[in-house]
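Student: Here is my input, please return the structure:
(one chain, ligands or ions: 1)
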Amino acid sequence: MDKEKLNRRDFLKSSAKGIIIGGIAVTGLNIEKVFAGFEEIESTGADKVLNLSEYPDLSNTGGYKQISGKLIVFRTGGSSFRALNPTCTHKKCDTHFNGTEFECECHGSKFDKTGKVLNGPATKNLRSYKTKFDSSANTLTVKM
Ligand code: FES
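Tutor: Model prediction:
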């Protein structure tokens, strides 16, 4: 009788461990798929083409325009631009560009207008995108 109870107890313990480990494995797999999906969205290589006639803030050197939560564009010269992702590289909070620098309200990181870290806790610069200016079409292609 005791032997049978012990066996049932062992069986239940083993089953519980199996369920827990299986649950973690399934959950881990789903999380992996979810994150993989986000990475695909982030790195699709899709180009964003901006018709600059629609963005008067970008018509002069020194101008800038936040296009979306993931893109802010600066005009750095007659035919040169800088495109940055203003998402903080510490824990992915939004930053605010105050005209001089990016400020993250979550934990206080700051970045200069080139995206370089000025104050931590962030240690990585803001992500930058390549740009291509077509002067005849007055468009800017941002490689996102
Ligand atoms: S998320 Fe920006 S400083 Fe932490």
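Student: quick check: mean pLDDT across stretch 80-89?
Tutor: Mean pLDDT, computed over stretch 80-89, is 97.
Student: One more: stretch 129-138?
Tutor: 96.
Student: So which bits of that stretch are buried?
Tutor: If you call a residue buried by 16 or more other CB atoms under 10 Å, then stretch 129-138 has these buried ones: 129, 131, 133. Backbone N, C-alpha and C define where each C-beta goes, glycine included.
Student: do you know how far D57 is from the ligand?
Tutor: 25 Å (CB to the nearest ligand atom, to the nearest Å).
Student: same question, N51
Tutor: 32 Å.
Student: and the closest residue to that residue other than its chain neighbours, what does it touch?
Tutor: Distances taken as CB to CB, 6 or more residues apart in numbering place T139 nearest to N51, at 5.6 Å, with adjacent residues excluded. When contacts are counted by CB atoms under 8 Å, 6 or more residues apart in numbering, T139 touches 49-52, 133.
Student: Correct me if wrong: K70 contacts L84.
Tutor: No. In this structure, K70 is not within contact of L84 by CB atoms under 8 Å, at 9.4 Å.
Student: neighbour-wise, which of those two wins?
Tutor: The residue with more neighbours, out of K70 and L84, is L84; 24 against 16, by other CB atoms under 10 Å.
Student: what does the longest strand that the chain contains contact?
Tutor: Ranked by number of residues, the top strand in the chain under DSSP state E is strand 127-134. Strand 127-134 is contacted from outside by 71, 73, 79-85, 87, 89, 115, 139-144, using CB under 8 Å, 6+ apart.
Student: how does it look with 7 Å?
Tutor: For strand 127-134, the external contacting residues (CB atoms under 7 Å, 6 or more residues apart in numbering) are 79, 81-85, 115, 140-144.
Student: Following that strand in sequence, what is the next regular element?
Tutor: strand 139-143 (DSSP states H and E).
Student: That next one to strand 127-134, inter-axis angle?
Tutor: Relative orientation of strand 139-143 and strand 127-134, computed by axes from the mean of the first three to the mean of the last three CA atoms, to 10 degrees: 150 degrees.
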